[in-house]
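# Predicted model and sequence below, questions to follow.
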2 protein chains.
Amino acid sequence: MASSAAATKVATEPNAVDRLVSSTRPGMDRVNALILERLRSHVELVPEVARYLIEAGGKRLRPMLTIAASELFGRPDGNEVVFAASVEFMHNATLLHDDVVDESTMRRGRAAARMVWGNQASVLVGDFLLGQAFMMMVETGSIEALKVISRAATVIAEGEVLQLAKTRDLAASRDDYDNVIRAKTATLFEAATEVGAMAAGADAAGRRALRDYGRELGYAFQLVDDVLDYRGESGTLGKNTGDDLREGKMTLPVILALEAANPAEREVIVSSLGRTEAAQSDLARVLAVFERHDTLGRTLDEAGQHARRAREALKPLPPSEMKLLLGEVVEATIARAY
Amino acid sequence: MASSAAATKVATEPNAVDRLVSSTRPGMDRVNALILERLRSHVELVPEVARYLIEAGGKRLRPMLTIAASELFGRPDGNEVVFAASVEFMHNATLLHDDVVDESTMRRGRAAARMVWGNQASVLVGDFLLGQAFMMMVETGSIEALKVISRAATVIAEGEVLQLAKTRDLAASRDDYDNVIRAKTATLFEAATEVGAMAAGADAAGRRALRDYGRELGYAFQLVDDVLDYRGESGTLGKNTGDDLREGKMTLPVILALEAANPAEREVIVSSLGRTEAAQSDLARVLAVFERHDTLGRTLDEAGQHARRAREALKPLPPSEMKLLLGEVVEATIARAY
């Protein structure tokens, strides 16, 4: 549901993410080749399941950010390709496990892997991808990057557990939500950009800038995602609108609405939250409550604040085309919501 | 069901595994302290689920083997404690995920974690343990040990997928079984003993000896386990007798029986294999077929061959009390079956 202004812009110049795709293409060609190579296994089911997900047309935003971050600092040492592939493997391992945890039916616009091969294969192939991500990282011999990545793996799992523990918890606070998205989303974006900077030998200030950029971009990305879950179109989202509501996820739009709701409005939300069979009409009633308290708008304001911080993080770096582009990627992330 | 000779022996001198417990106690005290420390998380559910499993009284055989292997080679450098804790975390991560995959109800003599907190928490806390295992390893800075451990994580996942792919596959061969147990069990034993040797600065021959010892012990251990699944008592096993049959697992006793069975015997096996609701009477009929073709006995013969190879692997090492004890641990592993 792009506004007409945004639509015009898209028609005249390519979106920042498309330009990121172009400008990271040589690096990403190597990343994609490495991904295919490392999906090989004498156990046929492993690449079958993994390729189904990985080739389903995700944007590969995280590994692109690793490549882009490395190119900001001049000549990367080649490890950025391995780091980027590892980040993508970790991300896909998380998706396979998340879909089992959330009992999701769709992912990237088609049936989730678990609907095709079952929960069992999804859990185990996720474990394979995690193992391969570490094996690749270890082969580079870069202990510093391994610290970043292994910490990220642990924090992401903690974030997913926290989200699970807060499911349908009507007392979940904005802080809880902040902790969840920081851990489950911002941490991998942060790791992706930091290890990219490391592969190019960035100094401590450069690493910090890219870490802050990645983290704030990750926050913004997740906040927008949590709005789109209510407002997007299933076709564009690659999953079903209202899934978060049906799964009882305490995202910011729900938390803000519960804070502001009168008893009748509260009942509208509570009666649909975590109810798998909630219908489109239930979703529409919840959206009407959101509308009255502008909770989707306020969630986007929050995303906008993180976007501002992401751009500010880049300020100390010397001017370059890639720096400009990374700034515009932040805008494009927010623009997804409009 | 110890034979009376074995029972007498137990009464007069402690079993080799008990002696391994005593002789690795100082190291294991540090391992256990590290395990508790690294289970901490600001997300309460994480240590709750993990401690429930880890403190349920597993023998901690794998980390004990790491400590024992390091002590074979004189003064270990302290990293053996971290390596041992990592190995135990990886093992428990695998158990959490396995129980989800196998839909197991019992583990270590009590309800499986997934029966208490659900599959979702089991998947995610398993991921946390894997992440922590790598984080700890990375903190030691030992790239060589990280290579061993990250490869093991990947191979184990592949083995689990292969086992899943072969579920109730009547064409599964002895080679398939060998590949499954090599990957899912022998690999972690092998890694446990090899990283122990590495922590004590063992040379290439010493590392190889311990790697071979661990792998062959792991094979023997799994073969005995696969016999006990049919012949043990639920109370001693910590899980239910006949689970492998109900889960459709193509373990060696089944494969050997299908090779030798006449059509009527084959039907007895096929009609219970993978049938969750198979009763004790069905299990008894399958056991009668096993009995006629001595498939449990032949599986134990196979375990005995691996046990012999495990002892032989230790031969080149200089004589020591620990070397003797590790040889006796092999015997004790086989003796579990009698």
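Looks like it came in fine.
# and stretch A:120-133, anywhere near chain B?
Yes. Judged by CB under 8 Å from any CB of the partner chain, stretch A:120-133 and chain B are in contact via A:120-121, A:123-125, A:127-128, A:130-132. Bear in mind the C-beta positions are built from the backbone N, C-alpha and C, glycine included.
# Just flag the most distant two among these.
For those, the maximum inter-member distance is 18.9 Å, found between A:Q120 and A:Q132 (CB to CB).
# between these two, who's got more neighbours?
A:Q132 (28 against 21; other CB atoms under 10 Å in any protein chain shown).
# Thought B:T154 was touching the more buried one, still the case?
Yes. If you go by CB atoms under 8 Å, A:Q132 and B:T154 touch, sitting 5.4 Å apart.
# do you know how far the residue nearest the centre of chain A is from chain B?
Chain A has A:T185 as the residue nearest its centroid, 5.3 Å off, counting by CA atoms, centre = their mean. Applying CB to the nearest CB, to the nearest Å, one obtains 15 Å for the distance of A:T185 from chain B.
# What's the per-residue pLDDT of the residue lying closest to that residue once chain neighbours are set aside here?
Counting by CB to CB, 6 or more residues apart in numbering or on different chains, A:T185 lies nearest to A:Q222, which is 4.0 Å off, once chain neighbours are set aside. Note for A:Q222: predicted pLDDT of 98.
# I'd like to check which residues are in contact with the residue lying closest to A:G248 once chain neighbours are set aside.
Residue nearest to A:G248 in three dimensions, not counting chain neighbours: A:G274, with 2.9 Å by CB to CB, 6+ apart. Neighbouring residues of A:G274 by CB atoms under 8 Å, 6 or more residues apart in numbering or on different chains: A:167-168, A:246-248.
# Sitting in helices, which of those do you find?
A:R246 (DSSP state H).
# rewinding a little: my guess is the residue nearest to A:G248 is in a helix, correct?
No. Judged by DSSP: H, G, I helix; E, B strand; the rest coil, A:G274 forms no part of a helix; its state is coil.
# Next, give phi and psi for it.
Here is the backbone geometry of A:G274 (degrees, to the nearest 10): phi 80, psi 10.
# quick one: it from chain B, how far?
13 Å.
# where's that residue relative to A:E103, distance?
A:G274 is 12 Å from A:E103, where distance means CB to CB, to the nearest Å.
# overlap in contacts of those two?
With CB under 8 Å, 6+ apart, A:G274 and A:E103 have common neighbours A:E247.
# Any idea which residue of the stretch 1-150 of chain A lies closest to chain B?
Nearest residue of the stretch 1-150 of chain A to chain B (CB to the nearest CB) works out as A:G131 at 3.3 Å.
# quick one: contacts for that residue?
B:150-151, B:153-157.
# Now it: closest residue in space, sequence neighbours ignored.
Excluding the flanking residues, the one nearest A:G131 by CB to CB, 6+ apart is B:T154, at 3.3 Å.
# neighbours around the one you found, how many?
Neighbours of B:T154 (other CB under 10 Å): 25.
# Got the phi and psi for A:P76?
phi -70, psi 160.
# The nearest residue to it once chain neighbours are set aside: which element?
Distances taken as CB to CB, 6+ apart place A:S70 nearest to A:P76, at 3.7 Å, with adjacent residues excluded. According to DSSP states H and E, A:S70 maps onto helix A:61-72.
# Ok, A:H306 next?
helix A:295-314.
# Put the alpha carbons of that helix into PDB.
Below are the C-alpha coordinates for helix A:295-314, written out as PDB (Å, rounded to 0.1, in the frame of the first residue of the first chain):
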ATOM      1  CA  THR A 295      -0.800   2.600  18.100                       C
ATOM      2  CA  LEU A 296       0.500   1.700  14.600                       C
ATOM      3  CA  GLY A 297       1.400   5.400  14.000                       C
ATOM      4  CA  ARG A 298       3.100   5.600  17.400                       C
ATOM      5  CA  THR A 299       5.000   2.300  16.700                       C
ATOM      6  CA  LEU A 300       6.200   3.900  13.500                       C
ATOM      7  CA  ASP A 301       7.300   7.000  15.400                       C
ATOM      8  CA  GLU A 302       9.500   4.700  17.500                       C
ATOM      9  CA  ALA A 303      10.900   3.100  14.400                       C
ATOM     10  CA  GLY A 304      11.600   6.600  13.100                       C
ATOM     11  CA  GLN A 305      13.600   7.400  16.200                       C
ATOM     12  CA  HIS A 306      15.800   4.400  15.800                       C
ATOM     13  CA  ALA A 307      16.200   5.200  12.100                       C
ATOM     14  CA  ARG A 308      17.500   8.700  13.100                       C
ATOM     15  CA  ARG A 309      20.000   7.000  15.500                       C
ATOM     16  CA  ALA A 310      21.100   4.700  12.700                       C
ATOM     17  CA  ARG A 311      21.900   7.600  10.400                       C
ATOM     18  CA  GLU A 312      23.600   9.500  13.200                       C
ATOM     19  CA  ALA A 313      25.900   6.500  13.900                       C
ATOM     20  CA  LEU A 314      27.300   6.900  10.400                       C
END
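# buried set for whichever helix or strand comes after that helix?
Moving toward the C-terminus from helix A:295-314, the next helix or strand (DSSP H and E) is helix A:321-335. Within helix A:321-335, the residues that count as buried by 16 or more other CB atoms under 10 Å in any protein chain shown are A:322-323, A:325-330, A:333-335.
# Give me the average confidence score over stretch A:20-34.
96.
# Could you see whether chain B lies near that stretch?
No. Counting by CB under 8 Å from any CB, chain B is not contacted by stretch A:20-34; separation bottoms out at 15.1 Å.
# Contact distance from chain B - what residues of the stretch 1-150 of chain A qualify?
Residues of the stretch 1-150 of chain A lying close to chain B (CB under 8 Å from any CB) are A:41-46, A:97, A:100-101, A:119-121, A:123-125, A:127-128, A:130-132, A:134-135, A:137-139, A:141, A:143, A:146-147, A:150.
# just to revisit the earlier point, just give me the neighbour total for the residue nearest to A:P76.
With other CB under 10 Å as criterion, A:S70 counts 31.
# low pLDDT regions in chain A?
A:1-13, A:234-238 (pLDDT under 70).
# cutoff 80 now
Low-confidence segments of chain A, defined by pLDDT under 80: A:1-14, A:57, A:232-240.
# Quick check: which element contains the residue of the stretch 1-150 of chain A closest to chain B?
helix A:113-140.
# Could you do A:Y177 as well?
Counting by DSSP H and E, A:Y177 is found in helix A:174-181.
# what about A:P26, how many residues close to it?
10.
# Then A:A56?
Neighbours of A:A56 under the rule other CB under 10 Å: 17.
# That one contacts A:A111, correct?
No. Between A:A56 and A:A111 there is no contact, the gap being 10.0 Å when judged by CB under 8 Å.
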